[in-house]
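Trainee: Provide a 3D model corresponding to the input given below.
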Amino acid sequence: MQGILPYLISALLYAALSTYFWRLHWSGAAVAPVVSQTRCTMERVVILVALGMHAAVLFGTMLAGNVLRIGVGDAISAILWLTVLIYWLGSLFYRLDGLHALIMPVAAIAAFLPALLPAARPVPNTELLAFKLHLLISMLAYSLFTIASLHVLLMAMLERRLHQGALPAGLQKLPPLLTMETLLFRIIWAGFIMLTLTLLSGVMYSEELFGKAARINHKTIFGIVSWIVFGALLFGRHFHGWRGRVAVRWTLAGFLLLVLAYLGSKFVVEVLLGRG
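Mentor: Got it, this is the predicted structure:
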């Protein structure tokens, strides 16, 4: 088990980035600053360093003793690591300046969580290919829907400020609402595909272990209901043009169901019941 210092350094690096981006894009000036290409490149490099530090800490924690351990803290930390990575890749193609200050504080907390909520027991059956695929795809799904949830909250904030007639500096450089809405549904489509593959790979994993399809439990139920919610949102978007507050409510509802499906159950079992 690592000492607390690596977790603290990783969290502080994200926290420093959070403070930097907040002051640059949200605090103070009423007009958004003009950021040079050199400055953007340096920002991306520093975020990449933070991701590397976070990955090293996660790797050392989850594979301590050459066995895989994934506690609730590790799961949240890994999901936020993927979230920042996906966002970093997306920022190469889209203008997403306002999201920096929203993602980095969450990542700072998540990076430190494994130190507070360590996993007690190794994860069984990690040698199975189906399990490895299921774990990777499910983490990607959670990360994409985390980005979608942050994105939709930013859209709601932007829409409210537009109605009020005044935009803070952090919102001025964002693309128009229609462009952000298009990007949101692209993210949701990607997350929906990953969630579909998660459910299918869960069936494969269960059959490889027990010789029968996935058992019906709270994880399965919440996962399926979340899949239905996001599927209904995409259906409503395509056939009825759903947008605005409807998209906000359905996106956040689906994300909450996903949190309850996996992280909620792990929190109850590992933290509240102390079963590890």
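
Trainee: can you tell me the element Gly191 falls in?
Mentor: For Gly191, the element it lies in under DSSP states H and E is helix 177-210.

Trainee: which strands or helices does that helix pack on?
Mentor: Identification of packing neighbours for helix 177-210 by 3 or more CB pairs under 8 Å, 6 or more residues apart in numbering; DSSP states H and E yields helix 129-164, helix 218-240, helix 244-259. Every residue, glycine included, has its C-beta placed from N, CA and C.

Trainee: mean neighbour count and mean pLDDT added to these, as a markdown table?
Mentor: Shown next, in a markdown table, are these (neighbours: other CB atoms under 10 Å; pLDDT from 0 to 100):
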| stretch | mean neighbour count | mean pLDDT |
| --- | --- | --- |
| helix 129-164 | 19 | 84 |
| helix 218-240 | 16 | 91 |
| helix 244-259 | 19 | 90 |
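
Trainee: dump the ones you listed to TSV, plus distance to Gly60.
Mentor: TSV is the format used below for the helices and strands packed on helix 177-210 (distance: least, CB to CB, whole Å):
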stretch	distance to Gly60
helix 129-164	18
helix 218-240	28
helix 244-259	26
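
Trainee: so for Ile4, which of those helices sits nearest?
Mentor: Closest to Ile4 of the helices and strands packed on helix 177-210 is helix 129-164 (CB to CB; 24.4 Å).

Trainee: angle of the closest one against helix 177-210?
Mentor: Between helix 129-164 and helix 177-210, the angle comes out at 160 degrees (axes from the mean of the first three to the mean of the last three CA atoms, to 10 degrees).

Trainee: and the gap between the nearest residue to Trp242 once chain neighbours are set aside and Phe230?
Mentor: Spatially, and ignoring its direct neighbours in sequence, Trp242 is nearest to Gly236 (3.9 Å; CB to CB, 6 or more residues apart in numbering). To Phe230, Gly236 is 11 Å away according to CB to CB, to the nearest Å.

Trainee: tell me, what's touching those two both at once?
Mentor: Here Gly236 and Phe230 have Trp250 as joint contacts, going by CB atoms under 8 Å, 6 or more residues apart in numbering.

Trainee: grab the nearest non-local neighbour of Pro118.
Mentor: Spatial nearest neighbour of Pro118, excluding adjacent residues (CB to CB, 6+ apart): Gly71 at 5.9 Å.

Trainee: can you check Ser143 too?
Mentor: Nearest non-adjacent residue to Ser143 (CB to CB, 6+ apart): Leu82, at 3.8 Å.

Trainee: and the one you found, what's its pLDDT?
Mentor: The model reports Leu82 with a pLDDT of 92.

Trainee: check contacts around it.
Mentor: Per CB under 8 Å, 6+ apart, neighbours of Leu82: Met139, Leu140, Tyr142, Ser143.

Trainee: tell me how far the helix or strand harbouring it lies from the chain's centre.
Mentor: Using DSSP H and E, Leu82 maps to helix 72-90. Computed by CA atoms, centre = their mean, to the nearest Å, the separation of helix 72-90 from the middle of its chain amounts to 5 Å.

Trainee: likewise for stretch 184-195?
Mentor: 12 Å.

Trainee: one more: stretch 179-187?
Mentor: That offset, for stretch 179-187, works out to 16 Å (CA atoms, centre = their mean).

Trainee: now that stretch: buried residues?
Mentor: Met180, Glu181, Leu183, Leu184, Phe185, Ile187 (16 or more other CB atoms under 10 Å).

Trainee: now those residues in TSV, with pLDDT and distance to His151?
Mentor: Below are these laid out as TSV (pLDDT from 0 to 100; distance: CB to CB, whole Å):
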residue	pLDDT	distance to His151
Met180	83	7
Glu181	88	9
Leu183	87	7
Leu184	90	5
Phe185	93	10
Ile187	92	6
